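In: Fold the following for me, if possible:
(2 chains)
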Amino acid sequence: MAVGKTLTVYLAADLKKFNTGMAQAQGGLKGFSNSLKNMLGPAMIGAGLALGALATKMAVDGVKAAMDDEAAVRKLATTMENLGLAHDTKKVEAYIYQLERSLGVADTELRPAYDRLVRALGDTEKAQDALSLSLDVSTGSGKSLEAVTDALGKAYEGNIAGLSRLGAGIDAATIRTGDMDEITRVLSDTFAGQAAASADTLEGRIRVLKTGTDNLAEAFGKGLLTGVKEATEGTGDLVKSMEKLEPALEDAGEAVADLVALVAKLYDGFMFLSDLEDTLTTQTGLLGDAYGFLTNTLNPLAGVFDALDMVMGNTTDSAYRASPAMESLGNAAAYAVGPLVDMAVVTNSLADSAYDSGIAALKQADYIARLTKILGHAPGVITTTTTETTTLTTATRNYGTTVEEVSKKQQKLIDLNAKVADSYSTTADKLNTRMEKLNENLGILGSMQDKLTAGLDLAAAFEGQFDEAGEATGVSLLEGFNKQIDQANYFGQVLNAIKAQGADQSLIDQIASLGPVTGAALAQQMIDDGLVTTLNDKWMTVQETTKGLAMGLVPEFVSAGIESGAAAIDGLATQLAKEGARLTKLGKRMAKPVGSAFKSQLAKDIAEAIANVEAAGSAARASAIAKAEAREAVVTQQQVALAIGNIIRQSDARNGAPIPAVLS
Amino acid sequence: MAQVKQFDAYIEGLNPLLRDLRQLGKEAAKELRQSSRVIADRHMVPAFQNAARSVGGDWGDLLAADIRSGLDRLPKVSIGKQKKVTSGGASSNMLRYPTDTGNARQSYAPFEQTNWIAKARTYQKPALEEWGQAVDRLVRKWPVM
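Out: The predicted structure is shown next:
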């Protein structure tokens, strides 16, 4: 019910209005259901990777998570209420929600942690700061959030023993002071920003993604639980929506599997690169060793050549003399060329190996560059996925809330329907009674109409065109009808006139039963003589007194009317003048439908007559044609028979043997 | 005037009946409206006023003062007006909702939900009977051809 508007209460309305209202309500539910489908469809399809996990977890884990979440919310709300902080519950829930979104820590962990801290501190703002610090300490120290918040909570309550076991790097002297401000400052200096930094890593982002996925399932489970309560068409739609979503969820699951496979390949690629780097390093080392060996091998040869040059320069003059020795030296040099050629081959082989290694290194560098490019896209994909997951979670949460509201409204509608059904059952009988009465009155009206129109006789109008000798009287059919219509109008006006003067319906019925001519004359006389009121009184008296005796009525009320007629003339004249306008209106109202009905009937009859004449003419023409054709057919058959007879006779004449006629 | 409509009972065939009654003419319709108003004044208005007075504080009298019948072919009453009736500036329309079934929203006034409008619906049977009689009378008095 709207506030600030005037309420108008009607005694009754047509059932159609109620049905319309119900249809609108149902239409609203269906519209909501459709919009839900439209909303969930694109969101879930776009959710991509997160839905892969959702597909397997949503059905079971979602419901369980929703139940756990509800219990945790209720527990924290109760704590807040007991501490007199109930007004901050929404704000705390919003803070937890924000932490969950930004750090990827599940609200099922955050709520108990906050619960522990707010119990110790008794203040919403301080508990929020302590929770933020606990998250940093937990991330930095590797201790669980529960352990950290429990230790901090105890410390805030005065029990500082647990702080030393946290391994948070607080010196014993500081702990012993029990100064929580100082302890908090040290912890903050040591661990500030750890949680945020952790969330910003790849692992942290995946954790945020997982938390979002879990929340998705949780929100879905919450909506599912709420929807199941309704057990109505809405649930059917929900189930259908889930069924429609199954293929999308399967696709999403496959997408996750593909991503995992891709990551595995990346890992293998990294391992291969690492091994390749080691191999390359080893091979490069061998190449260096080969060059060193070559250098070490060539250096003595250079010395040999230098020595030979010196020997050859110094002994030029004595060369000829030492030709045998030269020959020996040539032979020795020839022996030295073979190893040198072999060394050159080895050197070329080493160069080729080095070239191949260089190509492989370039290829590896290109491979690394491409992998780096692919890995560079990964954060973008994860960010997009996280955004989509957040959108989907929000949509699902909204859905759960909306379903809850619709459930309440539907319950109200059901209650209202039951109330209306009770009300209707009590009033329906009354209405039926009234409708019967109305029908009865309409029957009376129909009867009256029949009586008024009893004088309208088409046959009489037709016969009125001729006298007893069959000669035309000069009165046309239309004129005859118009006279009858005028008589009926006059009769109706007269009856209404006496009714307006207070005549009882039974008296009017009696007069009407006399027919348009006699009845109209009688009624007119009653009016003219001013006997309406008197006759009516008499009529009523007679009706009462002679009901069981079946006494004759007419003589009595006629005589009574004559006796008191003069007294009512003046009153009649006054009443007629007063009711003149109304009588005129009533006369018109009566005459119009009667006249139009008979005019239309007359037109219809004339049309039918014309049609009959045309049909008769057509039939006569058709008959004449048929007869003529029959005659033609007879002549033709006779001619054929004659021709055949002639042929037979001629044949007999030729053969000389008469053959008796077959058709004689 | 902004208004909210409620209906005591839903009757199948009421609209066709009202449509047929329209054939009786303007005078007949006028008489039906007058009869319906008389029925509303006789049954509905006292019932709602008595129910309104069951509301605590001075609000009951203020609400009862703003309950009046309307001129229509069906008996009807209007509950509440836009005119300010309290020192705080509240109209009887504003008082109706929190005293009946709604919450007080931002108001600090000690409203109590009494569901008084629903409790007033004891007039339905006699009012419906009288309205039916009025229709019967009308049909007898204003025959149609």
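
In: Surely B:N93 is in contact with B:V4?
Out: No - with contact defined as CB atoms under 8 Å, B:N93 does not count as touching B:V4 (9.6 Å). In this view, the C-beta of every residue, glycine as well, is placed from N, C-alpha and C.

In: shared neighbours, the two?
Out: Listed as contacting both B:N93 and B:V4 by CB atoms under 8 Å, 6 or more residues apart in numbering or on different chains are A:5-7.

In: Secondary structure, distance to A:P516 and pLDDT added to these, as a markdown table?
Out: As requested, those are exported to a markdown table (DSSP: H, G, I helix; E, B strand; the rest coil; distance: CB to CB, whole Å; pLDDT from 0 to 100):
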| residue | secondary structure | distance to A:P516 | pLDDT |
| --- | --- | --- | --- |
| A:K5 | coil | 58 | 87 |
| A:T6 | strand | 55 | 90 |
| A:L7 | strand | 55 | 92 |
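
In: Also within reach of chain B: list those from these.
Out: Near chain B, judged by CB under 8 Å from any CB of the partner chain, the entries from these are A:5-7.

In: give me the low-pLDDT residue ranges for the stretch 401-550 of chain A?
Out: Flagging of the stretch 401-550 of chain A using pLDDT under 70 yields the residue ranges A:417-431, A:434-435, A:438, A:445, A:448-449, A:452-462, A:466, A:468-471, A:475, A:546-550.

In: What ranges does it have for its helices?
Out: Ranges of helices in the stretch 401-550 of chain A, per DSSP state H, counting those that start in this stretch, are A:458-463, A:477-500, A:505-512, A:516-529, A:532-545.

In: Between these, which one is closest to A:D14.
Out: Proximity to A:D14, assessed across the helices of the stretch 401-550 of chain A by CB to CB, is greatest for helix A:505-512 (30.2 Å).

In: Which neighbouring elements make contact with the closest one?
Out: helix A:323-452, helix A:477-500, helix A:516-529, helix A:532-545 (3 or more CB pairs under 8 Å, 6 or more residues apart in numbering or on different chains; DSSP states H and E).

In: tell me, what residue is most central in chain B?
Out: B:V77 (2.1 Å; CA atoms, centre = their mean).

In: Report the beta-bridge partners for that residue.
Out: In this entry, B:V77 is beta-bridged to A:V9, B:S69, by DSSP bridges.

In: Now do the contacts for it.
Out: Residues near B:V77 by CB under 8 Å, 6+ apart: A:8-9, B:40, B:44-45, B:48, B:67-70.

In: Quick check: which ranges of chain B have low pLDDT?
Out: B:1, B:144-145.

In: Quick check: buried residues in the longest helix anywhere in it?
Out: Ordering each helix of chain B by length in residues (DSSP state H) puts helix B:124-141 first. By neighbour count on 16 or more other CB atoms under 10 Å in any protein chain shown, the buried set for helix B:124-141 is B:124, B:127-132, B:134-135, B:138-139.

In: Ok, stretch A:147-164 next?
Out: Residues of stretch A:147-164 classed as buried by neighbour count (16+ other CB under 10 Å): A:147-156, A:160, A:162-163.

In: Same list, the residues you listed, but as CSV with distance to A:Q505, secondary structure and pLDDT please.
Out: Listed next are the buried residues of stretch A:147-164 as CSV, based on distance: CB to CB, whole Å; DSSP: H, G, I helix; E, B strand; the rest coil; pLDDT from 0 to 100:
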residue, distance to A:Q505, secondary structure, pLDDT
A:A147, 99, helix, 86
A:V148, 98, helix, 87
A:T149, 93, helix, 88
A:D150, 96, helix, 87
A:A151, 100, helix, 86
A:L152, 97, helix, 84
A:G153, 94, helix, 86
A:K154, 99, helix, 86
A:A155, 101, helix, 85
A:Y156, 96, helix, 85
A:I160, 105, coil, 77
A:G162, 102, helix, 78
A:L163, 105, helix, 75
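
In: okay if I get those residues as JSON lines plus distance to chain B?
Out: Supplementary listing: the buried residues of stretch A:147-164 in JSON lines, determined by distance: CB to the nearest CB, whole Å:
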{"residue": "A:A147", "distance to chain B": "45"}
{"residue": "A:V148", "distance to chain B": "43"}
{"residue": "A:T149", "distance to chain B": "38"}
{"residue": "A:D150", "distance to chain B": "41"}
{"residue": "A:A151", "distance to chain B": "45"}
{"residue": "A:L152", "distance to chain B": "40"}
{"residue": "A:G153", "distance to chain B": "38"}
{"residue": "A:K154", "distance to chain B": "43"}
{"residue": "A:A155", "distance to chain B": "43"}
{"residue": "A:Y156", "distance to chain B": "37"}
{"residue": "A:I160", "distance to chain B": "47"}
{"residue": "A:G162", "distance to chain B": "47"}
{"residue": "A:L163", "distance to chain B": "47"}
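
In: Tell me which stretches of chain B form strands.
Out: Secondary structure of chain B, counting by DSSP state E: strands at B:3-11, B:67-70, B:76-79.

In: Just want the angle from the longest one to helix B:124-141.
Out: It refers to strand B:3-11. Strand B:3-11 runs at 80 degrees relative to helix B:124-141, counting by axes from the mean of the first three to the mean of the last three CA atoms, to 10 degrees.

In: Would you mark the buried spots in strand B:3-11?
Out: Across strand B:3-11, burial judged by 16+ other CB under 10 Å covers B:4, B:6-11.

In: if we look at chain A, which of these are close to it?
Out: Of the residues in those, proximity to chain A by CB under 8 Å from any CB holds for B:4, B:6-11.

In: circling back: okay if I get the strands of chain B as CSV plus distance to A:E109?
Out: Shown next, in CSV, are the strands of chain B (distance: least, CB to CB, whole Å):
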stretch, distance to A:E109
strand B:3-11, 49
strand B:67-70, 59
strand B:76-79, 54
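
In: closest point of the stretch 51-200 of chain A to chain B, which residue?
Out: Of all residues in the stretch 51-200 of chain A, A:H87 sits closest to chain B, at 15.7 Å by CB to the nearest CB.

In: Tell me how many other residues crowd that residue.
Out: 10 (other CB atoms under 10 Å in any protein chain shown).

In: do you know how far it is from A:Q524?
Out: Going from A:H87 to A:Q524 by CB to CB, to the nearest Å gives 90 Å.

In: which ones are touching the residue nearest to B:N115 when sequence neighbours are not counted?
Out: Excluding the flanking residues, the one nearest B:N115 by CB to CB, 6 or more residues apart in numbering or on different chains is B:T101, at 5.7 Å. Listed by CB under 8 Å, 6+ apart, the contact partners of B:T101 are A:1, B:113, B:115, B:117-118.
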